[in-house]
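Student: Generate coordinates for the sequence data below:
(2 chains)
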Amino acid sequence: MKNLTAIITGIFILGLPIHISGQSVVKVIGHVSNCATDSVLRGATVVHPASGKGAVSGPEGAFSLTLPVGRATLQISFLGYSAIDTSVVVSSGMASLKLCLNEDPVQYDEVVVTANERDFTESVRMGDVRISRSDLERLPKFLGEADPIRLLQLTPGVQSSTEGGVGFFVRGGSIDQNLVLYDGATVYNPGHLLGFVSAFNPDIISDVSLIKSGIPAAFGGRLSSVMQVKTDRGRSDSLKVQGQLGLVASRLTLSRSFDRKRGSFYASARGATLDLFIKPVVFPLLADVNPFLNQSSYFFYDYNGGVSYRIGERDYLSFSAFYSNDRYSIERSERMAGTSMAWGNLVMSAQWSHLFKDDARLHTSYSRTNYNFDLEGSQSEFVFSLLSSVKDDQFKSTFYKDIGSHRINAGIELTSHTFTPNEIDVSAGGLIMNFLSYNKLYAFEGGIFAEDEIELSPRLSISAGLRYSFFNQVGPYTEYFYDETSLLRDSLHYSEGTSLAFYHHPEPRISMRYTLSSSASLKASYMHMAQYIHLATSATVSLPTDIWLPSSREIKPQYGDQLSAGYFTTWNDNAFEGSVELYYKRSENQLEFLRGVLTNSIRLSMMDNLAVGKGRAYGAEVFLRKKSGRLTGWTGYTISRSERIFDVVNEGRIYPAKFDRRHDLSVAAMYDLNDRWNLSAVFVYVSGSAFTLPESRYLIEGNLVNQYGNVNNYRMPPYSRLDLSATKTVKWRNGMVSTLDFSIYNVYNRSNPFYIYFSATGDLDNYRLEVEPVLVSLFPVVPSVSWRFEF
Amino acid sequence: MLTGMNFDFWKYGSVKCKDTAKGMGEQLKTQRQYTFVRRCRICARNSGFIGYLLLLLVFWGCTTMPELDIEAPNDLIVVDGVIEQGRQSRVFVTRNAPYFSSIDSAGLRDLVLSRAKVTLTDGEQSEVLILRRDNRFFPPFYYAGNEIIGEIGKEYTLYVSYGGKSVRAMTSIPEPVDIDSVWFELDAGEDSIGSIQIKFTDPLEAKNYYRIFTMVQGEEDKFNSAFIIAIDDQFFNGKDISFRLYRAPESFLATDESGNFMLGDTVLLKLSTMDEQTFNFWNTYQEEVINATNPFASSMINLESNVEGQGLGVWSGYGASRDTVICQ
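Tutor: You can find the predicted model right below:
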């Protein structure tokens, strides 16, 4: 495969060269595509080694590069493709470059280390994290599952919520402040297995990225970050089969191209095999250690599918869909009681890209997402259920155009939300009662945006953008009026489309890069964001029990600002890259449920149970990465604070957020032992999270009651974990690649804190009472083996 | 009409993992801090598991949970008082105990504030309550009223002072709600154990808050709260409602209660109404007692007390109606 040559042709596509300064340099425009299928390659790196300049191809494979007039050699590389060197003649009348790369599945481990290398210092963007498929496949797995979200959590500024908690915290922001996009469609709960395995099937992922600061104006609606998961398309002429047999889950993916490579598709299914392999072997060993595991059962599955088709030279259509489902239950047969939770996502998106003759592009998408959460509790014949859901329909259209030294994009985004915050049913024996007819809540959210990236001088680039967002809660909605005795006295119905609450907000964004040398730059960014939907979390742990709520008359939108600055450098011929970033964030209208989610459900007004306050976070992130050689990997360290101020909590004093963790150190290392064996390790150390400790107790009706101290005044023990992995890859002559992966999670079997509770037992007749702190941890040392195959 | 409804489902939240404590280790307690020592559980148990062992030999070590330096809490006066129509008041006055202090019999007795001044007034007359010993209760000391007898519709203010601290609490006695009927039902497949159903009609024009107490004659000497500690009429205003009652433990601290009434038991029932502030306390108390160990539901927030000043607890006024059922 290595000897495949690059095809470079200068085909005139009406893209006129643009003069930057005098006649000596010219802005060169081009596209990178797959030679075989003609599909565009986003994220390919184009480097001009002589000047040290480089560019990364955008969503449509387009890039632009300012080059000196004359003959120039360019290096083009992309994950999974053979890198090429090509020679071009740069002149002031030259055509748009059309570059293409050939697939090289065998070599892509080696290619990946060179991807994005110039981007690190050259791009205006900062706080930008990318995960390659290769890292995903080589680093240690939990129960054999490669997981992009867990990999993101190993980078600075990104923390996992407590073990078993769903989601991640970015720079001291809460879980709901992350916009998670799957091929452009919002995903509300990207977790399986209580968040331990992400809902994203690694087989179909081509690219995962996370933006932590300087979020482009094209994205909005969340304060902290944008995580984008892009799926891969079938590239192979014949049917390609990929799969994995693993302890926790197994999966199978089919993909291929069709119609002379104009189109391609993939289809993938994954299902949990937890009960099959894990439960009989591991749980008995842990029976008295971890009753939570032993009395619970778990099942999850997901399906992914996608198809894309190129119509003519200028239009590209694609469709992708994703369905995931989880069911978790605890049975307490001795108490005739049980609790079960089920949740799932249905996400679909259709996208259309059109390339205009003047090289401008229009990208339009429609997506739908539906997230459901269902909690059921039962004791004897009594069954209680709580249903909560979010449904979104979203339209987005973005126009891209380069004019002179300006790279402009502008567009519009419109979302229709339907929320069911909680719908409760209770049945007793055969009798089923609908407690209250809770309102569904309807809202429209939208934004118009424009952004311009300007190269002011060879050293200074600025990207300035503005997003104007709005949110409108609309009818149908019935407002209930209660008298002082909480009796329903009246109701007012708002018909469909009536506006109940309207908010609009300008969101300026600016980022800049100042180049210090060919290998170092300074960057800074500021962003102001608005967030109109909220995840109200109950205070102890974060689980899918948390409820999504829209802004309304009572619940104001969240607003946030972030300032960040950093120094970025590479050395040793780009083998190493390092950065230091500082950030300061503040946010308004943060929400917290004062009491648990169950209490919330039985109160008439949710507002009675919600507290509103402010948050702020600041910190420093250090990132070092080695990208080539037999040993590759990175280490990230973050020191940070995340604080909250709520009038009703701790008498209005500043207190640590539950996701405030002072130190966060992650190390990820991969070592190529030889052609077949690859070793890797991950080490994580994070300061303990904040929790609330009872400070005293007292007697009421002969029972002990806790009097709690200030909220989040104590710390759990620190979290730490070492994972190791060894993979053996065998490439057969018939093209089959087989990979055997041995991973050990939590090698030194640390009982990491999940939560701490205080158990009081006693015998009143003998005047004896005992209070024991009980530390509950989820996962002990977990070895796993999985087998991946591809042919 | 809502019948046969039962709110025991809230109890499912009480999934505790007490057994976890046994497996996790033992603790050493002192007045202000504790140390949590973990056993090297895996070392012994998995010795046959060669793959594990090799790794554990290298990496495994016992860890000790770091000490938590807990600030000594403020001393507070804890009030647990009751006044019911036709009866005198009964007020337990204790103090709070530091969380990790060990409580033995001496320690528990020490919680009782036996030299407090407890004054009750109904707006017309006032009296000082007298400390009395009563072994039916825990702790076995309370301050008892004599002259003031509870009346429906009246407000009662309680003042407690002790050691330079003082608290004030106000409550009222609402109209009681009559019990329509009570009956015993055998559990499915059982020939001697079962539950009691209590049926009453919730008044339409008022917001009502309820507690239900039971006492098995001959076995118990005081009324104990049902598992449903407090409920309001939010979901059954103006309706006929029935609750299924299982036998409540004398204390939720005791773990091995059967939770059943037996054929032949004579059971006294009490349906008590209360005001909103009193309900708020018992509602949050219910959540604390049931959910404090459940990570899915607990919130670690203090109870809503109707006691003002340097104190905690509740001063409950009940409008009670009573009935008796013989389990047959």
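Student: Chain B - how does it break down into domains?
Tutor: Using automatic domain parsing, the domain parsing of chain B gives B:77-172, B:175-300+B:318-326.
Student: can you give me the strands in the stretch 51-200 of chain A?
Tutor: Shown for the stretch 51-200 of chain A, the strands assigned by DSSP state E, counting those that start in this stretch span residues A:53-56, A:62-68, A:70-77, A:84-90, A:97-101, A:128-131, A:158-160, A:168-170, A:178-182, A:185-186, A:191-192, A:197-198.
Student: residue nearest the centroid of chain A?
Tutor: In chain A, the centroid-proximal residue (Cα atoms, centre = their mean) is residue A:227; its distance is 3.9 Å.
Student: so who does that residue touch?
Tutor: A:149, A:152, A:178-181, A:208-211 (Cβ atoms under 8 Å, 6 or more residues apart in numbering or on different chains). In short, each C-beta sits where N, CA and C put it, glycine included.
Student: Can you check my assumption that it lies in a strand?
Tutor: Yes. Under DSSP: H, G, I helix; E, B strand; the rest coil, residue A:227 falls within a strand.
Student: quick one: it and chain B, what's the gap?
Tutor: Between residue A:227 and chain B the computed distance is 26 Å (Cβ to the nearest Cβ, to the nearest Å).
Student: And for residue A:641?
Tutor: Counting by Cβ to the nearest Cβ - residue A:641 and chain B are separated by 20 Å.
Student: Give the bridge partners for residue A:416, please.
Tutor: Beta-bridge partners for residue A:416, by DSSP bridges, are residue A:393, residue A:444.
Student: what's the spacing between it and residue B:164?
Tutor: Residue A:416 is 62 Å from residue B:164, where distance means Cβ to Cβ, to the nearest Å.
Student: Over to residue B:209?
Tutor: Residue B:209 sits 35 Å away from residue B:164, going by Cβ to Cβ.
Student: next one: residue B:96
Tutor: 16 Å.
Student: Repeat that for residue A:683.
Tutor: Distance from residue A:683 to residue B:164, by Cβ to Cβ: 55 Å.
Student: So between these two, which is more surrounded?
Tutor: Taking other Cβ atoms under 10 Å in any protein chain shown, residue A:683 and residue B:164 do not tie; residue A:683 has more neighbours (17 against 6).
Student: give the contact list for that one.
Tutor: A:665-667, A:720-723.
Student: Kindly present those residues as CSV, with separate columns for neighbour count, pLDDT and distance to chain B.
Tutor: Output for those, formatted as CSV (neighbours: other Cβ atoms under 10 Å in any protein chain shown; pLDDT from 0 to 100; distance: Cβ to the nearest Cβ, whole Å):
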residue, neighbour count, pLDDT, distance to chain B
A:665, 17, 94, 18
A:666, 22, 92, 18
A:667, 17, 94, 16
A:720, 15, 90, 10
A:721, 19, 89, 11
A:722, 20, 92, 7
A:723, 22, 91, 12
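Student: Counting neighbours, what do you get for the nearest residue to residue A:348 once chain neighbours are set aside?
Tutor: Counting by Cβ to Cβ, 6 or more residues apart in numbering or on different chains, residue A:348 lies nearest to residue A:321, which is 4.4 Å off, once chain neighbours are set aside. By the measure other Cβ under 10 Å, the count of residues near residue A:321 is 21.
Student: Correct me if wrong: residue A:321 contacts residue A:302.
Tutor: No. At 10.8 Å, residue A:321 and residue A:302 do not qualify as touching, with contact defined as Cβ atoms under 8 Å.
Student: Tell me the confidence at residue A:406?
Tutor: At residue A:406, the model reports a pLDDT of 90.
Student: coming back round to it: any idea what the residue nearest to residue A:348 is bridged to?
Tutor: Residue A:321 has the following beta-bridge partners by DSSP bridges: residue A:305, residue A:348.
Student: same deal with residue A:685?
Tutor: Beta bridges link residue A:685 to residue A:665, residue A:720, judged by DSSP bridges.
Student: In three-state terms, label the residue nearest to residue A:694 when sequence neighbours are not counted for me.
Tutor: In space, and not counting its chain neighbours, residue A:694 is closest to residue A:706: 3.7 Å by Cβ to Cβ, 6+ apart. Following three-state DSSP, residue A:706 is assigned to strand.
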